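Q: My questions are about this predicted structure, shown below with the sequence.
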Amino acid sequence: MYEDLLKRLDDAYAVKKLEEMVSIPSVVKDEKELAHYLQNELDKLGYKTELDEVEPGRPNVYAKLKGKAKGKRLNFCGHMDTVPVVVGWDTDPFKPVKKGGRLYGLGSNDMKGGIACTLNMLRAFSESGHPFIGELSFAGVIDEEAFGEGAKAMLKTEYGKVDAVVLGEPTTAEPGAGTPLGITGKVLYDIYVNGTAAHGFSPEEGVNAIEEAGIILANLPNLKFKKHPRFGQGNYSTLKIEGGYTVYSVVVPATCRFEVNRLLVTGETAEYAVKDMERLVKSLKLKSTVQVKTKAPLYASYEIKRSEPLVKVFDEAYSEVFGRAPEYGYDKSITDANTITGEGGIPCIHLGPKPYGTHQKNESVELDWLPKISKANTLLAAKYLA
Amino acid sequence: MIDDAMKRIDDSYTLRKLEEMIRINSVVEKEGELAEYIKTELESLGLKTETQMVEPGRPNVYARLKGDKPGGRLNYNGHLDTIPVVEGWETDPFNPVHRGNDLVGLGSCDMKAGFASILTMLKAIQDSGHKLKGELSFSAVIDEEAMGEGAKAMLKTDFGKVNAIVLAEPYPCDESKPMPLGITGKILYDVHVHGKAAHGFRPQYGVNAVEDAAKIVANLDKLTFLDHPDFHKGNYSTLKFEGGYLIYSVVVPASARFEVNRLLVPGETPETAIADMEHLVASLNLKSSVEVKIKPPKYEAYVMAKDDPIINAFDPVYREVMGKAPVYQYAYGITDANTFAGVGKIPCLHLGPTRGISDPKKGGGTHEKNEYVDVTWLPKVSRMYVKIADSFLNN
């Protein structure tokens, strides 16, 4: 079944698109060139495209293909941005390199690999003229690696009312890497520590805001993480600290600020998290005054049911391609699903090719996963829009 | 005669010069304009000046009064620079404001008042024609508040061979700020922590350099401090801490850096201090790798004998003018004496006006917002300077 579609899948095309996309730098904030590339590609494939400027110079790109008759609307969504280049790459992060069955480059798995598999599927649909019911669409969104503004903007368009979304993040649904039926929420603590300045040679006359911030950081393991039956516990990671002189002078620093990312399980709200941090700070009996604020972005956790139609279709498609049922899980990894499902109420499935070194140097994607994901995407779309 | 010089002390000149100098912004790195002012003033008093361009646009200024009989060489020294403007000034820091006996302004106490008193002394000696043996000289150096490059440069000149130096820093030599018979050394630790990047939602796969650095900072009280018979223990103060994303992204920070000022007592060296920090770091069993470096400036500790000739000149003068005995101490606060005495082996006297009383909300002390100097001190300081110069050089 669906042979007409499957025989139109082109592995070489997927690899070529991936290489082209890796070669277009799209570090978060600089998605424009890649958006234009995708619009151009989808125009060539015969999709109806449009660009939607979310912020000046930062457009989302949308493409749709209408089926034989009105029906369900399925969207394949992917973020166009990558994280910035981290230190230590062995090769140029923007020059795709094939080695040992993998393709190396910034964004190769997160998530240009996924977009390449989606393009492969979309091409198969338009070239084959396969008859389907409803609407098949694509959304390339900005800003997933920062504030999720692209996904939020998508919810305000016609694509904010689709029936289901497939996100091409590098989630393989293998044992140990289940595809999420739910994702944690997230809050970004923004903590201000206020001490007292003094001459640095008489530190006892001041209150060193940096040293007291250090005490809070060293005690973060004492935050209270609730235990959720499916999510387990949340976690934290300090992302930034700044404090001290701008021009060198020996002055006890009166202020220090740091940010801590915290993932929240269902049952933990942003208010809970703030009160938890305030309790921790109070217990340390510091001399400084401390303000516990939060900073954007803030995300709600969500869960979808195993019995959701999208999940059932995904289950079938995945099993056909991989010869086994997919693994499901409850994830700690914020994606655009926190917005699309958490805020928008649209069920999401994550499926993408096997990743190595996501957000690290020498990020790569396993090349023989590209045909499998392309096939799974195709069967999923065909079955959902049957 | 010395009394002629004493009669020529012009206290209103002192105040005028002090106000003019406060108006000149000489925040560290921008000493050029004040140097030019002082050079002009010295020349108008009839002294020959010399300029030493320590760094482009940043000169030391020197002047000397040679006596016609051979003798010792005594230098009166001050630093041209002030610290930068800190937050919270209630008035314009460069506009001197009188508030009762207090004159408010950046550098008023630290240390333009000292310069004003030195100039008053030189003017009084010039105007009176009082003769001194040997050589009385003046030096104004750059960069004391930062790297001490001015003092280091002075040691390379002829003035690096004087017999004693009077630093006009705000040391009233009483209980509030005793006269240092020795000063601690200092290093600036520059600690680099290297972890491992990972996705910030999976911190267990990375090594958070900021969190590991914070553990070190939270445990600095476990450094080992030698208990010196005169100095007792040194101290530390974290001055800066940075690490994490430049553009927001959820990445476990792979590197962090912090700086800690540490005062050293005699017996502690930069080498022992580095080993001490490395030992502390090792004891914390961090997953990050840590490099313990130091960053300039570093200073040597020094001590002097209680009966050093400059002290012998100073002590009776202080008793006479102030009506009480001076108080001595083994001090913590780095001054250019760490270079002059610690490196140059020149005995140093610190003498100047008292410091502003530090208010927790309003500041007022040196290196604080709303810095001020009690101007009733200046006439006493000027008189002590004249008598000390006479006592040291003519006896």
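A: Now that the structure is in, tell me what you want to look at. Numbers count the residues shown, from 1 in each chain, chains lettered A, B, ... in the order given.
Q: how about residue A:216, what does it touch?
A: Residues in contact with residue A:216 (Cβ atoms under 8 Å, 6 or more residues apart in numbering or on different chains) are A:191, A:193, A:258, A:280, A:281, A:284, A:286, A:290. Glycine gets a C-beta too; all of them are placed from N, C-alpha and C.
Q: My error: substitute residue A:136 in the last question.
A: Applying Cβ under 8 Å, 6+ apart, we find residue A:136 in contact with A:64, A:65, A:67, A:74, A:76, A:122, A:125, A:381, A:385.
Q: Pull the number of nearby residues for residue A:59.
A: Per other Cβ atoms under 10 Å in any protein chain shown, the neighbour tally for residue A:59 reads 23.
Q: Spatially, what comes nearest to it if we skip its sequence neighbours?
A: In this structure, residue A:59 finds its nearest non-sequential neighbour in residue A:51, 4.2 Å apart by Cβ to Cβ, 6 or more residues apart in numbering or on different chains.
Q: hey, what's that neighbour bridged with?
A: With DSSP bridges applied, residue A:51 shows beta-bridge pairing to residue A:61.
Q: returning to that earlier point: now, which of the contacts of residue A:136 lie within helices?
A: By the criterion of DSSP state H, membership of these in helices covers A:122, A:125, A:381.
Q: So which of the contacts of residue A:216 reach chain B?
A: Restricting the contacts of residue A:216 to those touching chain B (Cβ under 8 Å from any Cβ of the partner chain) yields residue A:258.
Q: quick one: which of the contacts of residue A:216 is nearest residue B:366?
A: Nearest to residue B:366 among the contacts of residue A:216: residue A:193, at 24.8 Å, using Cβ to Cβ.
Q: Pull the number of nearby residues for the closest residue to residue A:359 other than its chain neighbours.
A: Closest residue to residue A:359 apart from its sequence neighbours, by Cβ to Cβ, 6+ apart: residue B:199 at 4.3 Å. Residue B:199 has 22 neighbours, counted by other Cβ under 10 Å.
Q: Just want the phi and psi numbers for residue B:199.
A: Backbone torsions for residue B:199, taken as degrees, to the nearest 10, come to phi -60, psi 130.
Q: who touches the helix or strand containing residue A:291?
A: In this structure, residue A:291 sits in strand A:289-299 according to DSSP states H and E. Here strand A:289-299 makes contact (Cβ under 8 Å, 6+ apart) with A:146-148, A:185-194, A:212, A:216, A:259, A:270, A:273-274, A:277-278, A:281, A:334, A:338-339, A:342.
Q: Name the residues of that strand that come out as buried.
A: A:290, A:292, A:294, A:297, A:298, A:299 (16 or more other Cβ atoms under 10 Å in any protein chain shown).
Q: Report the buried members of the contacts of strand A:289-299.
A: Applying 16+ other Cβ under 10 Å to the contacts of strand A:289-299, the neighbour count classes A:146-148, A:185-193, A:212, A:216, A:259, A:270, A:273-274, A:277, A:281, A:334, A:338-339, A:342 as buried.
Q: Between the contacts of residue A:216, which sits nearest residue A:234?
A: Set against residue A:234, the nearest of these by Cβ to Cβ is residue A:280 (14.3 Å).
Q: Up against chain B, what does the stretch 251-386 of chain A have?
A: Residues of the stretch 251-386 of chain A lying near chain B (Cβ under 8 Å from any Cβ): A:251-253, A:256, A:258-259, A:261, A:263, A:332-334, A:358-361.
Q: Go again with 7 Å.
A: Residues of the stretch 251-386 of chain A lying close to chain B by Cβ under 7 Å from any Cβ of the partner chain are A:251, A:252, A:253, A:256, A:261, A:263, A:332, A:333, A:334, A:358, A:359, A:360.
Q: element containing residue 153?
A: Let's take chain A. Assigned by DSSP H and E, residue A:153 belongs to helix A:149-155.
Q: actually it's chain B I care about, not the one you picked
A: helix B:149-155.
Q: ok, whichever helix or strand comes after that helix: who's next to it in the sheet?
A: Counting by DSSP H and E, the next helix or strand C-terminal to helix B:149-155 is strand B:164-167. Paired neighbours of strand B:164-167 in the sheet (DSSP bridges): strand B:73-79 (parallel), strand B:348-350 (parallel).
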